[in-house]
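> Build the 3D model from these lines:
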Amino acid sequence: MAYRCAVCEKGAQAAHNVSHSNRKSRKWQQPNLQSVHVMIDGTPKHVRVCTRCIRSGKIIKAA
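Numbering: from 1, shown residues only. Prediction:
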């Protein structure tokens, strides 16, 4: 399973570490994913969801 949001498909982004002398080295910025129990088609499932989707109410948490 990829490190990706199950709702919005948000994944890793390539970026740079930039030093004071403006030299750049590659780095990856990971999304803030949380493992939550979600109701999908009436059954509770365990999925990884980004915090933006949790806050915006795009998912319904299982009790």
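
> all strands in this protein, in order from the N-terminus.
13-18, 24-29, 33-40, 43-50 (DSSP state E).

> Would you mind giving those strands as CSV with mean pLDDT, distance to Lys61 and mean neighbour count added?
(Glycine included, C-beta is placed from N, CA and C.) Converted to CSV, the strands of the chain look like this (pLDDT from 0 to 100; distance: least, C-beta to C-beta, whole Å; neighbours: other C-beta atoms under 10 Å):
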stretch, mean pLDDT, distance to Lys61, mean neighbour count
strand 13-18, 98, 27, 10
strand 24-29, 98, 26, 9
strand 33-40, 94, 6, 14
strand 43-50, 95, 9, 15
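
> okay, the ones you listed in JSON lines with distance to Arg4 next?
Shown next, in JSON lines, are these (distance: least, C-beta to C-beta, whole Å):
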{"stretch": "strand 13-18", "distance to Arg4": "12"}
{"stretch": "strand 24-29", "distance to Arg4": "13"}
{"stretch": "strand 33-40", "distance to Arg4": "8"}
{"stretch": "strand 43-50", "distance to Arg4": "8"}
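
> right, so of these, which gets closest to Ile60?
Counting by C-beta to C-beta, Ile60 lies closest to strand 33-40 out of those; the figure is 4.7 Å.

> Residues in contact with the closest one: which ones?
3-6, 44-51, 54, 59-62 (C-beta atoms under 8 Å, 6 or more residues apart in numbering).

> CA atoms only: put that strand into PDB for me.
This file holds the C-alpha atoms of strand 33-40, laid out as PDB (Å, rounded to 0.1, in the frame of the first residue of the first chain):
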ATOM      1  CA  LEU A  33      -1.500  10.700   7.200                       C
ATOM      2  CA  GLN A  34      -3.400   9.200  10.100                       C
ATOM      3  CA  SER A  35      -4.800   5.700  10.400                       C
ATOM      4  CA  VAL A  36      -8.500   5.900  11.100                       C
ATOM      5  CA  HIS A  37     -11.500   3.600  11.200                       C
ATOM      6  CA  VAL A  38     -13.900   4.800   8.500                       C
ATOM      7  CA  MET A  39     -17.400   3.700   7.400                       C
ATOM      8  CA  ILE A  40     -17.200   2.600   3.800                       C
END
